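>>> Fold the following and give me the result.
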Amino acid sequence: MSQASVLVIEDDAVFQSIVKNYLTQLDYDVRCTDSGHEGVRLCRQLTPDIILCDLKLPDISGLQVIEQLLSSHADLPIIVVSASESMTDIREAVGLGAWDYLVKPIESLTVLNEAIQHCLNRYQLEETYLHDRYELDDHIQVLYQDDALVRRLTHELLPTGPMELNGYRFQFDLTTDEPSVWLDFRPLLQGKVLVLLASPQNATEQRLIPLLVFKTLLDPLLRQHLSGHDESIIEPAKLLTHLNDELCHSRIRTAFDVLVGVVDTRSGEWRWGQAGDRIRSEPQSRPDLALGIWQHASYHQSTIIGPHKITGRLANIADVMIQRDLPQTDVPPYPDKADSY
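This next block holds a predicted model:
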């Protein structure tokens, strides 16, 4: 049995053939068309698990295809694969409901498979969440009754330990044995580090799956940044806007408090933004609306040069601490290349 069915809407015959052969070898069930109208028809007939769609098609635009497909299949995972690097096109596609955006030429087809797997994992997590919330089926109850599994998944939402880079030390402290939080220190290019602290606001005890879904929303942006195609991940206001848009399109009806920032360990700049008011940060900034509440919410960011200490505190759950008091290192622990991730 194939692992998933994929519909490819692509008018470049060579690229279409390459993608079909590659995905078929990975045991996907692949159907292809070079027409937007035919793609819409095939989607309604075949109900594929995921769609790959170009933006420039001979009959109608890929944006029109996305709009028509999502009008009848609101939860359909769609990945745009296009030669256009225009941020306007990317924002419009994501705004319509596309789940990911890959820029041609794709350096490695493994990136395409990773994008498909991310979307499928997100879809499955959302499905599980809906079962958890509305049906409380036996499967999800078994998941939460498996303490070892819950501990493992919770551990995947936390750094493995402190991190040091260019005189900075990144560390965290948990104030509870069962934190409902996603905390990450993620090395980026050119000596920058992404810092993220996020927690769901839902009142239920079962917060793990919403956090896992939220985590999958960041993966495509990290991949695009590390391949040199998108810098929005180092702009907290843009990143919060993107994540909010994704959450508002998602079936995970959960609001999130989020502190996200980027430390430039070479220049000493700290650039950050905050959504929701449950996190206390120092230096302080005015928090914007929590993510996932209103699609049209706006987000701002603050910048400061040279703070020796940065903190973020989620009361009774977790503390994040970043200090600049270590000797400067001349060589970072990772290369400034996209293939380092």
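
>>> make it CA atoms for all contacts and neighbour counts henceforth
OK.

>>> And the strands in the stretch 151-300 of the chain, which stretches?
For the stretch 151-300 of the chain, the strands defined by DSSP state E, counting those that start in this stretch cover 163-165, 168-174, 182-187, 192-200, 256-264, 269-275, 279-282.

>>> Return the fourth one as CSV; C-alpha atoms alone will do.
The C-alpha trace of strand 192-200 is given here as CSV (Å, rounded to 0.1, in the frame of the first residue of the first chain):
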residue,chain,number,x,y,z
LYS,A,192,22.2,34.2,14.7
VAL,A,193,20.2,32.1,17.1
LEU,A,194,16.4,31.8,17.2
VAL,A,195,14.9,31.8,20.7
LEU,A,196,11.3,30.6,21.1
LEU,A,197,9.0,30.1,24.1
ALA,A,198,5.4,29.1,23.4
SER,A,199,2.5,27.8,25.5
PRO,A,200,-1.1,27.0,24.6
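
>>> In this structure L76 contacts L70, no?
Yes. If you go by CA atoms under 8 Å, L76 and L70 touch, sitting 6.7 Å apart.

>>> between those two, who's got more neighbours?
Counted by other CA atoms under 10 Å, L76 and L70 do not tie: L76 has more neighbours, with 22 against 16.

>>> just for the stretch 151-300 of the chain, where's the confidence low?
202-206, 251 (pLDDT under 70).

>>> same thing but 80
151-154, 177-179, 202-209, 227-230, 249-253, 295-296 (pLDDT under 80).

>>> which helix is the longest one in the protein?
In the chain, with assignment by DSSP state H, the single longest helix is helix 109-130.

>>> Would you mind pulling up the elements that that one packs against?
helix 13-25, strand 100-103, helix 208-226 (3 or more CA pairs under 8 Å, 6 or more residues apart in numbering; DSSP states H and E).

>>> right, so of the ones you listed, which gets closest to G62?
Of all those, it is strand 100-103 that lies closest to G62, at 12.1 Å by CA to CA.

>>> Contact partners for Y101?
Neighbour list for Y101: I79, V80, V81, S82, I90, V94, P220 [criterion: CA atoms under 8 Å, 6 or more residues apart in numbering].

>>> one more time with 10 Å, if that's ok
Neighbouring residues of Y101 by CA atoms under 10 Å, 6 or more residues apart in numbering: 52-54, 78-82, 85, 89-91, 93-94, 115, 220-221, 224.

>>> So which of these belong to helices?
For those, the ones inside helices are D89, I90, R91, A93, V94, A115, P220, L221, Q224, with DSSP H as the criterion.

>>> Among the residues you listed, which one sits closest to S17?
Closest approach to S17 among those (CA to CA): A115, at 18.6 Å.
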